[in-house]
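1. Sequence and computational prediction follow.
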Amino acid sequence: MDIQVVRMKNNSNDEFYGTADKKGIFTEAFRERSDKPRWIVIEGDQNPETIECLNTVLDDNKVLVHLNKERIPLCPNTRIVFEQCSSEGNSPAFVSRCGVVLVEN
């Protein structure tokens with residue numbers, strides 16, 4: 001199993017997703033293909049603007065639409081995990097697309 005951690009903290013949308021001429025850290029992790037099970041862990045509290053861009057990945061389409069209009073499908077054996085301290089900034093649309101596990105101290 002392959003686990004890749006992508007840190008959200010201190011990254012702008014351009015650094016996270018990339019731009020038309022620059023690769024983003026999440027987009028590159030998402031683009032990778034593997035024959036074995038793969039987990040992408042997005043670590044850190046997410047801002048609503050960044051998360052809303054993931055709606056097409058989390059819904060039935062399972063496709064990341066890049067800013068340059070490229071459509072990158074989710075690999076069938078890839079899973080995405082969001083690890084965060086609080087869900088305060090998450091929209092109802094985001095929460096309804098995810099399974100939530102609360103781990104208390």
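-> That came in fine, so what should we check first?
2. now the strands: where do they sit in the chain?
-> Under the criterion DSSP state E, the chain contains strands at 2-7, 18-19, 22-23, 38-43, 63-65, 71-73, 78-83.
3. and those strands as JSON lines, adding distance to Phe94?
-> Quick note: C-beta positions are derived from backbone N, CA and C, even for glycine. Output for those, formatted as JSON lines (distance: least, C-beta to C-beta, whole Å):
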{"stretch": "strand 2-7", "distance to Phe94": "17"}
{"stretch": "strand 18-19", "distance to Phe94": "21"}
{"stretch": "strand 22-23", "distance to Phe94": "24"}
{"stretch": "strand 38-43", "distance to Phe94": "12"}
{"stretch": "strand 63-65", "distance to Phe94": "15"}
{"stretch": "strand 71-73", "distance to Phe94": "19"}
{"stretch": "strand 78-83", "distance to Phe94": "9"}
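4. between these, which one is nearest to Asn105?
-> strand 78-83 (14.9 Å; C-beta to C-beta).
5. In terms of secondary structure, what does the closest one contact?
-> strand 38-43 (3 or more C-beta pairs under 8 Å, 6 or more residues apart in numbering; DSSP states H and E).
6. Can you give me the buried ones in the helix or strand of the chain with the lowest mean pLDDT?
-> Lowest on mean pLDDT, DSSP states H and E among the helices and strands of the chain sits helix 48-52, with a mean of 78. By 16 or more other C-beta atoms under 10 Å, the buried positions in helix 48-52 come out as Thr50, Ile51.
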